[in-house]
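K.L.:
Structure, please.
(chains A and B)
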Number of protein chains: 2
Amino acid sequence: MPMTATVAQWDMFEASFEGPREGNPFLDVQLEAVFSQHAREVRVPGFYDGDGLYKVRFMPDNPGPWTFTTRSNAPALDRQEGGFEAVAPRPGKHGPVRVANRFHFAHADGTPFLPFGTTCYAWTHQPLGEQEKTLRTLAKTRFNKVRMGLFPKDYPYNTNQPLHDVFVRGADGALDFDRPNPQSFRHFETQVRALGEMGIEADVIIFHPYDRWNYSGMSEAQDYRYVAYLTARLAAFSNVWWSLANEYDFMLDTKPMHQWDRYFHIIEENDPVGHLRSIHNGAPAASYDHRKPWVSHVCMQHWDVKRTGEWRQTWGKPVVNDEPEYEGDLVEAWGNISAQELVHRFWTMALRGAYAGHGETFAHPEDLIWWAKGGELHGEAWKRIGFLRDVLEESAVNGFEPIDASVRFSGRISGARDGDTTILYLGEHQPAIWPYGLPKDDGEYRVEVIDTWNMTIEPAEIVPAPANHPVRHGAVVLKTEPAAAFAVKLPVRPYLAIRVRPA
Amino acid sequence: MPMTATVAQWDMFEASFEGPREGNPFLDVQLEAVFSQHAREVRVPGFYDGDGLYKVRFMPDNPGPWTFTTRSNAPALDRQEGGFEAVAPRPGKHGPVRVANRFHFAHADGTPFLPFGTTCYAWTHQPLGEQEKTLRTLAKTRFNKVRMGLFPKDYPYNTNQPLHDVFVRGADGALDFDRPNPQSFRHFETQVRALGEMGIEADVIIFHPYDRWNYSGMSEAQDYRYVAYLTARLAAFSNVWWSLANEYDFMLDTKPMHQWDRYFHIIEENDPVGHLRSIHNGAPAASYDHRKPWVSHVCMQHWDVKRTGEWRQTWGKPVVNDEPEYEGDLVEAWGNISAQELVHRFWTMALRGAYAGHGETFAHPEDLIWWAKGGELHGEAWKRIGFLRDVLEESAVNGFEPIDASVRFSGRISGARDGDTTILYLGEHQPAIWPYGLPKDDGEYRVEVIDTWNMTIEPAEIVPAPANHPVRHGAVVLKTEPAAAFAVKLPVRPYLAIRVRPA
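P.N.:
Numbering: from 1, shown residues only, chains lettered A, B, ... in the order given. Coordinates of the predicted model:
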């Protein structure tokens, strides 16, 4: 069979077929395809896109010819065949993001991915003009992940009608949770694709408790079908992350724990790409057990970011704190910290081996608040977060791992190393000189002082390290630790970092 | 017997007796007195003050006539009798500080005592001119407690010779830990008394690991005698607190846990006043078990002050965090936080039902650093801490207890109530309006906005509280919480507090 179609590796191949329209195709028709390359076979679920049209989407993870054969209980859809040639990735495309080096992430081609996400929960449900504005704003920022809900949102400052119903309405005007609205999904996909073209991951939130349309009240069977449908539609987008919920624990009364486990399994069964999978808590103490093997990384909310070490140790997976509170001035305590505090929390987490997420919640007369609706940013944190991303990416190899300086620091100072770059973040500490956590040998180093708020990087003034006081036991001198190789002179003010690299 | 002497209640009565000089009176001679008032008898240990002089000190806790009889193994000291008339306390004297209302403190006469301490570990071992400076500086501040070590200190920035040896030197020039140096103790007492006259409690640190004279290496028996001797000398000072150690856990190798328990017991056995007793840790995780019944209150060091609720719950006693890190610019991470951060930590702890302690550690060309040597203050935190004390004392009745606002706050905001005063401390949060934790009824209130850094108190602008969003379960509205009675309009900046009192 000649391979007429070509698709770049990590882009999407889509095959469409005419099939049954009668009954409820969403319930009645099963469709899947098996994509083959040499002896390798990949099962890919298909889906009904409405109007008698069925689709199968596939993201080739390897160049070369691929063929497929469909299987279906509908004869018109069964044993359909086709194929394409997967060619080299488009420039700048690195493939889906995976866990790398236990606590970090990388694209499929090995390029490190350091998540610097923001939150626009319901941006795809806003008027189209607002959505364009969101994309334009994102283009100005350095955010590379957006948390975004599939369902619309009903919540303080979120009371407008969504752009589309996610399920179609029956003759009685009520939503029919057995019939997804393909138009709504197609629009969502358009925006996932738009983000992908900007190099931004879509952290897709599948369930949340904040609605007035009863999406959160679907039956268990409807939930399972919805998750499978969504997976079939979205898994071939290389920039998708699965986030099972925003604040899953606020839905435990109607969606008990076994359902959450099952949602994970349904995704695993239907996502041949194996996109990242996480689940986000509401109450600080209500974490899902992120050690479960189907959870790829920890997605959480917690304001107390100096506990990062505990979280890494507890879960043993990458930690992404997507809600270390938001910059803003809302009445809600999660939405009114200062920009300086949010930037401080980003640096603190990053230099303890984890990642934070951004959100902005300034009150607006028309409730146009970035955290929910996107649109425009009004705050000061986002620029500094972009600066932090630039600083870290400049040295990214395997991910910044906390350095062992427990004796000196006792959790007070943040410091981490990646490759041959060490960065110490001093936060609220303001020493006049600082010798700890710096190289102990007398190699040649390039040492810089970073002002995390003013976004400056200056060569550091190197001064002799102070002599250490003798370590005594009573009157007996046990030892005197040698002085550090050098110390860095610092202006006495908070929110500074020190970067050390070989000269 | 006519009562010629009069002593104010809570002042000190002292009786002196000539006795044996030969041998080692510190080891050989036992002396105690029983003070009686009506049927009540109080056993009081005596002590040798050198030069053949023995003393018994007693702090009357009740007015009226008191008599005493001594008991001693030295005939010259046995069955000595005497007495005095205890009269009304001097103005401004309220008696020793006790635990009150489980998590708080009050003087013996019931006057609330809110500890606002500072730290001058070795101030009594500095040249006398420096000590006078320390007292003059303290007089300018609002500190009402000083942490101070009985032993001199050898530590970074602390290398000068002490004013006195605490034990006398033998013919070989070595310290004889069986012979206290009364001159040294008398000087220490002079300064304890000086603090008392200024209304300042002396938080006396009995052991610490930082010396080059081997005070920390005395034998177990010598330690026990030292603790008993110190107790006999100091217990009659109404402003003494017993702090068994600074960083006791750094001495556990030579002073195992049973010794620390025993020190407490020796104090209990020899302190008829029952002064406050605590013990201070070094490593954050190395707390002594403060639940032990002989510990009156928690003395600790920990930088993570939002854990105050955990500490109260764990120990069930007053919590005094005497080292939430120090304002300064030293190289050591415990000694270089900004003034703003230290003030923030004071407010955070105070409005979560506990107390913090101050220290100042700015590098000085002659190592004259307040935290160790006293002298002068150079920082900015102390004034704001005084302001906080004034604010809290204005309303002090039983002690500020945290208000239950767990749902809204999740540990993010600090808020507490004493009597009819509620104070919320918003810290790094900067809402434009704030309705939570305020009165729910429509009484008449006086509401003020406190700028904790600029030390201003302004009448608050009251605005309508925002309506609450419906609480839904899926599409079903369960309820809509009524709006708060009112909200407070705030400037959008951090470090503000709100005070609410009846009009």
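
K.L.:
switch to C-alpha atoms for all contacts and neighbour counts from now on
P.N.:
OK.

K.L.:
Compute the number of surrounding residues for the closest residue to A:Y215 other than its chain neighbours.
P.N.:
Spatial nearest neighbour of A:Y215, chain neighbours left out: B:G474 (6.6 Å); criterion: C-alpha to C-alpha, 6 or more residues apart in numbering or on different chains. Close neighbours of B:G474, defined as other C-alpha atoms under 10 Å in any protein chain shown, add up to 20.

K.L.:
and what of the one 5 residues further on?
P.N.:
Each residue near B:K479 was counted by other C-alpha under 10 Å, and the total is 12.

K.L.:
Please apply the same query to A:G309.
P.N.:
16.

K.L.:
can the helix or strand containing it be found next to chain B?
P.N.:
For A:G309, the host element (DSSP states H and E) is helix A:308-315. No. For a cut-off given as C-alpha under 8 Å from any C-alpha of the partner chain, helix A:308-315 has no contacts with chain B; the smallest distance is 13.2 Å.

K.L.:
And stretch A:482-499, end to end?
P.N.:
22 Å (C-alpha to C-alpha, to the nearest Å).

K.L.:
does it come close to chain B?
P.N.:
Yes. Counting by C-alpha under 8 Å from any C-alpha, chain B is contacted by stretch A:482-499 at A:492-494.

K.L.:
which residues sit in contact with A:P470?
P.N.:
A:477-481 (C-alpha atoms under 8 Å, 6 or more residues apart in numbering or on different chains).

K.L.:
what do you get if the cut-off is 10 Å, keeping everything else the same?
P.N.:
A:476-482, B:154-156, B:212 (C-alpha atoms under 10 Å, 6 or more residues apart in numbering or on different chains).

K.L.:
Let me have those in TSV, extended by distance to A:V87.
P.N.:
Converted to TSV, those look like this (distance: C-alpha to C-alpha, whole Å):
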residue	distance to A:V87
A:V476	72
A:V477	69
A:L478	67
A:K479	64
A:T480	63
A:E481	59
A:P482	58
B:D154	71
B:Y155	68
B:P156	65
B:R212	74
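
K.L.:
quick one on the thing from earlier: turn the residues of stretch A:482-499 next to chain B into TSV, columns for pLDDT.
P.N.:
Putting those into TSV (pLDDT from 0 to 100) gives the following:
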residue	pLDDT
A:V492	93
A:R493	95
A:P494	95
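
K.L.:
Would you agree A:I403 is in contact with A:A416?
P.N.:
Yes. Contact criterion C-alpha atoms under 10 Å: A:I403 and A:A416 qualify, at 4.9 Å.

K.L.:
Looking at the two, which is more packed in?
P.N.:
The neighbour comparison of A:I403 against A:A416 (other C-alpha under 10 Å) goes to A:A416, with 22 against 18.

K.L.:
Look up how far chain B lies from the more buried one.
P.N.:
16 Å (C-alpha to the nearest C-alpha, to the nearest Å).

K.L.:
Repeat that for A:K255.
P.N.:
For A:K255 relative to chain B (C-alpha to the nearest C-alpha), the value is 12 Å.

K.L.:
residues near that residue, how many?
P.N.:
A:K255: 18 neighbours (other C-alpha under 10 Å).

K.L.:
Can you give me the pLDDT of it?
P.N.:
Looking at A:K255, its pLDDT reads 95.

K.L.:
Now do the residue nearest to it when sequence neighbours are not counted: how many residues are near it, please.
P.N.:
Closest residue to A:K255 apart from its sequence neighbours, by C-alpha to C-alpha, 6+ apart: A:E220 at 7.6 Å. Residues within reach of A:E220, counting by other C-alpha under 10 Å, total 13.

K.L.:
and A:E220, what does it touch?
P.N.:
A:226, A:254-256, A:259.

K.L.:
any idea of the pLDDT on it?
P.N.:
Note for A:E220: predicted pLDDT of 97.

K.L.:
Can you tell me which residues in the stretch 251-400 of chain A are near chain B?
P.N.:
Contacts of the stretch 251-400 of chain A with chain B, taken as C-alpha under 10 Å from any C-alpha of the partner chain, map to A:251, A:253-254, A:283-285, A:302-304, A:306-307, A:325-342, A:362-363.

K.L.:
What remains of those if I keep only buried residues?
P.N.:
A:251, A:283, A:302-304, A:306, A:325-342, A:362-363 (16 or more other C-alpha atoms under 10 Å in any protein chain shown).

K.L.:
Hmm, the residue nearest to A:Y215 is touching A:Y210, no?
P.N.:
Yes. B:G474 is within contact range of A:Y210, at 7.6 Å (criterion: C-alpha under 10 Å).

K.L.:
intersection of neighbour lists for the two?
P.N.:
Joint contacts of B:G474 and A:Y210 (C-alpha under 10 Å, 6+ apart) are A:216, A:251.

K.L.:
From what I see, A:F84 and A:N62 are in contact.
P.N.:
No. Between A:F84 and A:N62 there is no contact under C-alpha under 10 Å: 12.0 Å.

K.L.:
Which one's more surrounded, those two?
P.N.:
Neighbours per residue (other C-alpha under 10 Å) separate A:F84 from A:N62, with A:F84 holding more: 19 against 16.

K.L.:
what number of residues lie near A:N24?
P.N.:
Neighbour tally, A:N24, other C-alpha under 10 Å: 12.

K.L.:
what number of residues lie near the nearest residue to it once chain neighbours are set aside?
P.N.:
In this structure, A:N24 finds its nearest non-sequential neighbour in A:R179, 7.5 Å apart by C-alpha to C-alpha, 6+ apart. Neighbourhood size, A:R179 [other C-alpha under 10 Å]: 20.

K.L.:
so what pLDDT did A:R179 get?
P.N.:
Looking at A:R179, the pLDDT reads 98.

K.L.:
That one looks like it's in a strand, true?
P.N.:
Yes. Secondary structure of A:R179 (DSSP: H, G, I helix; E, B strand; the rest coil): part of a strand.

K.L.:
Now do the contacts for it.
P.N.:
A:24-27, A:48, A:50, A:166-170, A:222, A:226.

K.L.:
which one of those has the most neighbours?
P.N.:
Going by other C-alpha under 10 Å, A:Y48 tops the contacts of A:R179 with 29 neighbours.

K.L.:
how about that one, phi and psi?
P.N.:
Backbone torsions for A:Y48, taken as degrees, to the nearest 10, come to phi -90, psi 130.

K.L.:
wait, doesn't it sit right on A:R57?
P.N.:
No. A:Y48 lies out of contact with A:R57 (C-alpha under 10 Å); the separation is 11.6 Å.

K.L.:
Overlap in contacts, those two.
P.N.:
A:16, A:232-233.

K.L.:
Any of the residues you listed buried? List them.
P.N.:
A:232-233.

K.L.:
Can I get the shared contacts of A:Y48 and A:R57 in CSV including distance to chain B, secondary structure and pLDDT?
P.N.:
Converted to CSV, these look like this (distance: C-alpha to the nearest C-alpha, whole Å; DSSP: H, G, I helix; E, B strand; the rest coil; pLDDT from 0 to 100):
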residue, distance to chain B, secondary structure, pLDDT
A:S16, 35, strand, 97
A:A232, 25, helix, 98
A:R233, 25, helix, 98
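
K.L.:
Where does pLDDT dip in the stretch 151-300 of chain A?
P.N.:
For the stretch 151-300 of chain A, applying pLDDT under 70 flags no range at all.
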